[in-house]
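Undergrad: 3D model of this:
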Amino acid sequence: VFTTLLLHRLILQEYKMKMSRSGIRTLALTVSSVLLLEQPCISNAFAYIDQPDGGIPRTSNKKGNVDNSSSQPPSTKKTHSADAAGPIDVDPKLLEKHASFASQLADIARNEIVPYWRQSRHVLGQQTKLEEGRSIFQSASPVTLADRAAEFAMREMISCHFPDHGIIGEEYGVKDIDADWVWVLDPIDGTRSFITGKPLFGTLISLLYKGTPVIGCIDQCILNERWLGISGQESTLNGIPIKTDGVTTLSDAEMYSTTPDMFQNGHEISKFDDMRNAVKAPHYGADCYAYALVASGFGADVVVEADLGLYDYCALVPVLEGAGGVITDWTGESLTLGNHESSKGRVVASANSILHDQALQILNTPTMVSSEDVLGMTPDDRLLAVLEETKQSNSNVSHLICGVMLGEVIAHLVS
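TA: Numbering: from 1, shown residues only. Prediction:
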């Protein structure tokens, strides 16, 4: 207990003590020894240290970072989305009515988007939307007159027919977010594809009931494809029921992500590297269309993405679940309005629960740090890496290495 309190002062309160480097190393090794005994006092001392988002990037060159033969969920896995959210107590006839209205919204959006298809930059009125604190991919995203016109038309129609409903839109923000019914709109998900003439974008329309997506529409206006998902019902593509048809091992899986640039340095890019090394092949550049491919059983098995907004994923939930797939955040939690902040926009979708459990096993495995990783780090970064390694690792050797590393770091900080 004394060692824990002393370490607490050294690290968290920057308590300046006249202690030799060898003495501090000894202290760190003592702490490491206690850690080997898994004493609760040490675990509690580290528990409230708020780690930054993600660990230290590390790329693995090995396939099979997960036991593909096991269908058992990882210990960190939460209940899958459909179960965690609980049953939706809504009149099915009311859901049908709202689903029909969602299709009308998609028609209105089509009318605004199609005239801009494969037009020049000047006609598109292309601009760049800047957002701080986002990934490289999301920090500067294009927006066009088509985006704005489509969302404006949909919002006007919603306000006219359902004035008491809330709205969350990518281009025009939030209205009455605390309402029981909230529409979530992304007029063009995949604007980069749209402005370059690639028909792998979509209009996303979702309706939340008390924060849970109950209706989802993915509309591809150029290919004339419309996916519709309604809570508790089979999802459809142009009115025809669809069903996922995925493999059951990650090593056989075809995985989609819009771009590696959507994963921030640290934990996210490390987990993404682990996933693309575990699957048969990674694919890029489909935005919402990738989720529709998984739902339809067209050969895509898994989608892993990060830094998504509510408008990027709410419509996908009913479509995937109604087709037999699973879609959650990286910890297995439901994708709901209430969970958005904790989910951090990290989404994984799979063709079946067996595959999903394997993906969660990778995404929930702690990011470990090797001795080579710490070379070139600042002392503060080294300390955070050591604390993360010490807190998460079950390896005795790793604990001993951490003891030496921790001694060097603390010696630097207090000298």
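
Undergrad: ok, which stretches of the stretch 51-200 of the chain are strands?
TA: Residue ranges of the strands in the stretch 51-200 of the chain, as given by DSSP state E, counting those that start in this stretch, are 127-130, 140-143, 166-169, 173-175, 181-189.

Undergrad: most tightly surrounded among those?
TA: Of all the strands of the stretch 51-200 of the chain, strand 181-189 carries the top mean neighbour count, a mean of 27, counting by mean count of other CB atoms under 10 Å. Just so you know, the C-beta spots here come from the backbone N, C-alpha and C atoms, and that holds for glycine as well.

Undergrad: by contact count, what packs against it?
TA: Contacts defined by 3 or more CB pairs under 8 Å, 6 or more residues apart in numbering; DSSP states H and E place strand 181-189 against helix 92-113, helix 145-161, strand 166-169, strand 202-209, helix 310-313.

Undergrad: can you redo the ones you listed as JSON lines with distance to residue 216?
TA: What follows is those, written out as JSON lines (distance: least, CB to CB, whole Å):
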{"stretch": "helix 92-113", "distance to residue 216": "8"}
{"stretch": "helix 145-161", "distance to residue 216": "15"}
{"stretch": "strand 166-169", "distance to residue 216": "14"}
{"stretch": "strand 202-209", "distance to residue 216": "5"}
{"stretch": "helix 310-313", "distance to residue 216": "9"}
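
Undergrad: nearest to residue 120, out of these?
TA: Distance to residue 120, taken as CB to CB, is lowest for helix 145-161 among these, at 11.9 Å.

Undergrad: what's the spacing between the closest residue to residue 145 other than its chain neighbours and residue 118?
TA: Sequence neighbours aside, residue 125 is the residue nearest to residue 145 in space, at 4.0 Å (criterion: CB to CB, 6 or more residues apart in numbering). Residue 125 is 15 Å from residue 118, where distance means CB to CB, to the nearest Å.

Undergrad: and for residue 223?
TA: Here the criterion is CB to CB. By it, residue 223 lies 14 Å from residue 118.

Undergrad: again, but for residue 244
TA: The value you get for residue 244 to residue 118, if CB to CB is used, is 32 Å.

Undergrad: ditto for residue 126
TA: Counting by CB to CB, the gap between residue 126 and residue 118 amounts to 13 Å.

Undergrad: between those two, who's got more neighbours?
TA: In this view residue 126 and residue 118 are compared by other CB atoms under 10 Å, and residue 126 has more residues nearby, 18 against 13.

Undergrad: how about the more buried one, what does it touch?
TA: Applying CB atoms under 8 Å, 6 or more residues apart in numbering, we find residue 126 in contact with 142, 143, 144, 195.

Undergrad: ok, so of those, who is nearest residue 314?
TA: Within those, distances to residue 314 taken as CB to CB reach their minimum at residue 143, with 19.5 Å.

Undergrad: so residue 251 touches residue 281, yeah?
TA: No - with contact taken as CB atoms under 8 Å, residue 251 and residue 281 are classed as non-touching, separated by 10.5 Å.

Undergrad: please tell me how far residue 296 sits from residue 220.
TA: The separation that residue 296 has from residue 220, given CB to CB, amounts to 12 Å.

Undergrad: hang on, the earlier thing: ok, which of the strands of the stretch 51-200 of the chain comes nearest residue 154?
TA: Minimum separation from residue 154 across those (CB to CB) falls at strand 181-189, 5.5 Å.

Undergrad: got the phi and psi for the nearest residue to residue 152 once chain neighbours are set aside?
TA: Counting by CB to CB, 6+ apart, residue 172 is the residue found nearest to residue 152 once chain neighbours are left out, at 6.8 Å. The phi/psi pair for residue 172 (degrees, to the nearest 10) reads phi -120, psi 10.

Undergrad: roughly how far apart are residue 172 and residue 157?
TA: As it turns out, when the distance is counted by CB to CB, residue 172 lies 13 Å from residue 157.

Undergrad: follow-up on the earlier one: most packed of the helices and strands packed on strand 181-189?
TA: strand 202-209 (a mean of 27).

Undergrad: that one to strand 181-189, inter-axis angle?
TA: Here strand 202-209 runs at an angle of 170 degrees relative to strand 181-189 (axes from the mean of the first three to the mean of the last three CA atoms, to 10 degrees).

Undergrad: list the residue ranges of the stretch 301-415 of the chain that fall below the pLDDT cut-off.
TA: Low-confidence segments of the stretch 301-415 of the chain (pLDDT under 70): 367-415.
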